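> Starting from these lines, generate the structure:
(one chain, ligands or ions: 1)
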Amino acid sequence: MSKAVATRHIAVDLGASSGRVALGTLEGGRLHVEILHRFPNGGVPVRGQLYWNVLGLWREVLHGLKLAAQHGEIQSIGVNSWAVDYGLLDAQGDLLGAVHHYRSPRLDGVMQRVRAKLTDEAIYNATGIQFLPFNTLYQLAAEPSERLARADKLLMIPDLLHFWLCGVAVTERTNASSTQFFNPQTGKWATELLDALNIPTEFLPAIAQSGTTLGLLTPEVERETGLKGVQVILPATHDTASAVAAVPAEGRDWAYVSSGTWSLVGIETPQPIITPRSLAENLTNEAGVGGTNRLLKNVMGLWIIQQCNEVWKLDYADLYEQAAAVASCSTIDPDDARFLPPGADMAARVQAYCSETNQSVPQTPAEITRCVLDSLAHKTAQILKALEDVSGQAIRVVHVVGGGSQIALLNQLIANACGKWVIAGPVEATLMGNLLVQALGQTDLPTLRQVVRASTALQTFSPNPQP
Ligand SMILES: C[C@H](O)[C@H](O)[C@@H](O)C(=O)CO
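Predicted coordinates:
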């Protein structure tokens with residue numbers, strides 16, 4: 001596999017709290033990643049609702065591409081982001097209004113209304129997706145029908161940026177699978193669910209696989225950035241799918257935690273697992289690279305601590321060091337609905353949960369952080385058990401990838417709670433997965449993961465009772 005000639009690719013990774021433009025160089029079976037541009041992201045509150053500033057993100061992406069153009073010849077570019085959110089375009093290709101944020105209050109009660117109309121079995125059997133109030137299915141159900149009637153195209157966030165980059169409008173499969181109106185068995189949109197809710201389906205684009213070449217940058221983008229002859233190639237556009245592709249695992253007895261704002265806890269299976277048991281566990285089946293299935297569960301993740309720290313303004317490394325020094329006390333269910341919306345009162349919500357459940361109430365930032373990390377570790381252990389039961393696959397090792405893999409305390413707590421070895425890294429799994437799918441196409445995952453292993457230093461945590 002080791003090619004003598006280096007190839008160079010650009011990955012754009014848009015996360016809920018920040019974005020990056022990175023340059024990846026693949027040479028001799030190793031991938032070198034250089035982050036050229038970092039920028040903040042977040043919800044924009046307007047008149048009681050929450051939106052994404054996609055035009056601001058686009059400006060940052062263009063700036064990153066200008067920097068990339070100074071690095072010589074580049075073969076391709078691909079964009080990934082969080083899932084479920086979308087832009088609507090009119091027949092001229094112009095955005096129809098602002099792009100809604102999945103944590104916006106417009107979704108309050110919508111999932112319940114849809115579930116009262118369609119049975120859980122009908123939705124789950126067609127899609128295999130975890131019931132989460134922000135899934136695209138419920139977002140479309142919350143749209144005014146006049147806005148939907150004017151829409152000519154629905155594009156998920158990375159697909160929207162690919163459209164702006166090269167003028168081609170498709171939906172990449174890993175992101176399509178997050179919507180809860182994609183059927184992973186047929187590989188087609190589950191239009192019957194939308195029909196039943198009187199939601200039009202004509203605006204759904206064709207579904208394309210990761211590794212597909214969409215085309216060259218438009219002349220406008222070339223002029224704006226100075227890049228020339230760069231192909232837009234679809235990575236796994238759902239960030240979690242890119243991260244899972246870059247899990248440095250071998251064999252089959254492993255699970256992953258893609259650890260960041262969200263904690264995505266799952267395993268890879270050859271086929272979707274859609275059974276009464278997987279429905280009862282509310283497990284999700286999202287598409288992975290190379291036709292794999294990601295059987296996983298969303299856990300609220302580091303979001304709770306991030307929101308607390310918006311107020312505390314502490315250095316994260318110091319905060320985690322202090323949290324390691326305090327004793328475990330109480331635990332919360334991180335997926336309790338109260339933790340989903342943003343808010344300066346997040347620490348108070350954690351305290352209220354502890355008080356309502358008759359546990360001791362953490363007081364200091366270190367105690368609250370410890371409580372959240374302990375809770376994430378316990379939740380991870382519960383989900384791994386459910387994944388083993390539902391799939392029949394034994395899990396021996398847990399790979400923690402993404403930004404959260406740098407938190408040694410959390411890795412150790414996960415190892416302890418699960419009684420399994422944890423291998424931490426790479427931190428940049430999403431960028432690596434994105435870049436390697438561009439570089440290697442629909443290659444086999446073992447080859448891709450071999451490159452990740454050759455390019456990354458990993459850390460191992462053994463399960464023991466000491467945090
Ligand atoms: C809504 C979340 O973004 C989504 O469920 C999760 O899979 C993700 O993309 C985390 O970045």
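
> Output the longest helix belonging to the chain.
If you go by DSSP state H, the chain has its longest helix at helix 365-391.

> Please compute how far it lies from its chain's middle.
18 Å (Cα atoms, centre = their mean, to the nearest Å).

> Any buried residues in it, and which?
For helix 365-391, burial by neighbour count (16 or more other Cβ atoms under 10 Å) applies to 365-384, 386-387, 390-391. All C-beta atoms are positioned from the backbone trio N, CA, C, and that covers glycine.

> how deep is the residue in the chain that the ligand sits nearest to tucked in, by neighbour count?
At 3.3 Å from the ligand, residue 82 is the closest residue in the chain, using Cβ to the nearest ligand atom. Under the neighbour criterion other Cβ atoms under 10 Å, residue 82 is assigned a count of 23.

> any idea which element the closest residue in space to residue 389 that isn't next to it in sequence lies in?
Leaving aside its sequence neighbours, residue 389 sits nearest to residue 277 (Cβ to Cβ, 6 or more residues apart in numbering; 7.2 Å). Per DSSP states H and E, residue 277 falls inside helix 276-280.

> Enumerate the residues of the protein near the ligand.
Residues of the chain found near the ligand (Cβ under 6 Å from any ligand atom) are 82-84, 102, 134, 238-240, 262, 264, 298.

> Can I get those residues in TSV including secondary structure and pLDDT?
TSV is the format used below for those (DSSP: H, G, I helix; E, B strand; the rest coil; pLDDT from 0 to 100):
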residue	secondary structure	pLDDT
82	coil	98
83	coil	98
84	coil	98
102	coil	98
134	coil	98
238	strand	98
239	helix	98
240	helix	98
262	coil	97
264	strand	98
298	strand	98
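
> Among the residues you listed, name the buried ones.
By neighbour count, with 16+ other Cβ under 10 Å, those hold 82-84, 102, 134, 238-240, 262, 264, 298 as buried.

> which neighbours does the host helix or strand of residue 19 have in its sheet, and in what orientation?
Assigned by DSSP H and E, residue 19 belongs to strand 18-27. Paired strands of strand 18-27, with direction, are strand 7-14 (antiparallel), strand 30-40 (antiparallel) (DSSP bridges).

> how about that strand: buried residues?
Per 16+ other Cβ under 10 Å, strand 18-27 contains these buried residues: 19-26.

> Give me the domain ranges for the protein.
7-233, 239-467 (automatic domain parsing).

> Pull the number of nearby residues for the closest residue to residue 296 other than its chain neighbours.
In space, residue 296 comes closest to residue 266 once its chain neighbours are excluded; the distance is 2.5 Å by Cβ to Cβ, 6+ apart. By other Cβ under 10 Å, 26 other residues sit near residue 266.

> Over to residue 403?
Neighbours around residue 403, by other Cβ under 10 Å: 19.

> Surely it and residue 257 touch.
No. In this structure residue 403 lies outside contact range of residue 257 using Cβ atoms under 8 Å: 11.7 Å.

> For the stretch 101-250 of the chain, give me the ranges with low pLDDT.
For the stretch 101-250 of the chain, no stretch has pLDDT under 70.

> Run through the strands of it in chain order.
153-156, 171-172, 182-183, 188-189, 207-208, 213-216, 231-233 (DSSP state E, counting those that start in this stretch).

> Against which helices or strands is the fourth one packed?
Using 3 or more Cβ pairs under 8 Å, 6 or more residues apart in numbering; DSSP states H and E as the contact criterion, the elements in contact with strand 188-189 are strand 182-183.

> Show me the helices in the stretch 1-150 of the chain, by range?
Assigned by DSSP state H, counting those that start in this stretch, the stretch 1-150 of the chain shows helices spanning 54-69, 110-117, 120-127, 136-141, 145-150.

> Restricting to C-alpha, output the fourth one in CSV.
By that I understand helix 136-141. The C-alpha coordinates for helix 136-141 follow below in CSV (Å, rounded to 0.1, in the frame of the first residue of the first chain):
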residue,chain,number,x,y,z
THR,A,136,-33.9,15.5,10.9
LEU,A,137,-37.3,13.7,10.7
TYR,A,138,-38.6,15.8,13.6
GLN,A,139,-36.9,18.9,12.3
LEU,A,140,-38.8,18.6,9.0
ALA,A,141,-42.0,17.9,11.0
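
> buried set for that helix?
136-141.

> Equivalent analysis for stretch 276-289, please.
278-279, 281-289.

> Tell me which of those fall in strands.
284-287 (DSSP state E).

> Export the residues you listed as JSON lines, with columns for pLDDT.
Shown next, in JSON lines, are these (pLDDT from 0 to 100):
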{"residue": "284", "pLDDT": "98"}
{"residue": "285", "pLDDT": "98"}
{"residue": "286", "pLDDT": "98"}
{"residue": "287", "pLDDT": "98"}
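
> Show me which pair in those is furthest apart.
For these, the maximum inter-member distance is 10.7 Å, found between 284 and 287 (Cβ to Cβ).

> any shared contact partners between the two?
residue 294 (Cβ atoms under 8 Å, 6 or more residues apart in numbering).

> got the contact list for the closest residue to residue 341 other than its chain neighbours?
Distances taken as Cβ to Cβ, 6+ apart put residue 103 closest to residue 341, at 5.7 Å, once the chain neighbours are dropped. By Cβ under 8 Å, 6+ apart, residue 103 lies in contact with 43, 50, 134, 340-342.

> Report the two of the buried residues of stretch 276-289 separated the most.
279 and 289 (25.3 Å).

> Which of the three states applies to the residue of the chain most remote from its centre?
For the chain, the largest distance from the centre (Cα atoms, centre = their mean) belongs to residue 358, which lies 33.9 Å off. Of the three states, residue 358 takes coil under DSSP: H, G, I helix; E, B strand; the rest coil.

> Next one: it from residue 347, what distance?
19 Å (Cβ to Cβ, to the nearest Å).

> Just the terminal-to-terminal distance for stretch 88-106.
The first and final residues of stretch 88-106 sit 17 Å from each other (Cα to Cα, to the nearest Å).

> Name the residues of it that are buried.
Result for stretch 88-106 [16+ other Cβ under 10 Å]: buried residues 88-89, 96, 99-104.

> From the residues you listed, pick the one nearest residue 212.
For these, the nearest to residue 212 is residue 89 (20.1 Å; Cβ to Cβ).

> so the closest one makes contact with residue 150?
No. Residue 89 is beyond contact range of residue 150, at 9.7 Å (criterion: Cβ under 8 Å).

> which residues are in contact with both of the two?
Joint contacts of residue 89 and residue 150 (Cβ under 8 Å, 6+ apart) are residue 96.
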